[in-house]
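K.L.:
got a sequence here, can you build the structure:
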Amino acid sequence: MIYWILFLHFSICTILIFIGCYIYGIVLKYLGKKGFFFKHIISALVYLIFAIYIVLPLLLPFTLIEDLHLKLKNEILINVFLFLGYILCLFPGILFFKNKFLKDLKKLGYFVK
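P.N.:
Numbers count the residues shown, from 1 in each chain. Predicted coordinates:
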């Protein structure tokens, strides 16, 4: 049962992370065309919000499943499933962000390294 709950959770999170990456890219493109204050200060705030948004799929199962921390201690397979699901739910959104927005954002001065 726990595996189905985690599978459903990460399936929903995959869609939400994809949408979040799209919104993040659009917001950065918009802010990159504005002045110094918006480009640097507000973008840092947006980055902080996005970083929290990205980590939430890893933390939410602990609120969905009662005593998950005890089950993680006892069963290695749940650990593997949890972290593999987290990585796989991030993958489509990050690839989409890289392919759709990264070139334009580099031209605007973001991610220049």
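K.L.:
sec struct for Phe111, please.
P.N.:
Following DSSP: H, G, I helix; E, B strand; the rest coil, Phe111 is assigned to coil.
K.L.:
pick out the residue nearest the middle of the chain.
P.N.:
In the chain, the residue lying closest to the centroid (C-alpha atoms, centre = their mean) is Ile54, at 2.6 Å.
K.L.:
does that residue lie in a helix or a strand, and which?
P.N.:
helix 43-59 (DSSP states H and E).
K.L.:
hang on, the earlier thing: quick one: the residue nearest to the centre of the chain and Cys89, what's the gap?
P.N.:
Distance of Ile54 to Cys89, given as C-beta to C-beta, to the nearest Å: 10 Å. Heads up, the C-betas are built off the backbone N, CA and C, glycines and all.
K.L.:
check Phe81 too.
P.N.:
12 Å.
K.L.:
so for these two, which residue has more residues nearby?
P.N.:
Cys89 (22 against 16; other C-beta atoms under 10 Å).
K.L.:
hmm, back to that, which other helices and strands contact the helix holding Ile54?
P.N.:
Where contact means 3 or more C-beta pairs under 8 Å, 6 or more residues apart in numbering; DSSP states H and E, helix 43-59 is packed against helix 2-32, helix 76-107.
K.L.:
out of these, which is the most enclosed?
P.N.:
Among these, helix 2-32 has the highest mean neighbour count (mean count of other C-beta atoms under 10 Å), at a mean of 16.
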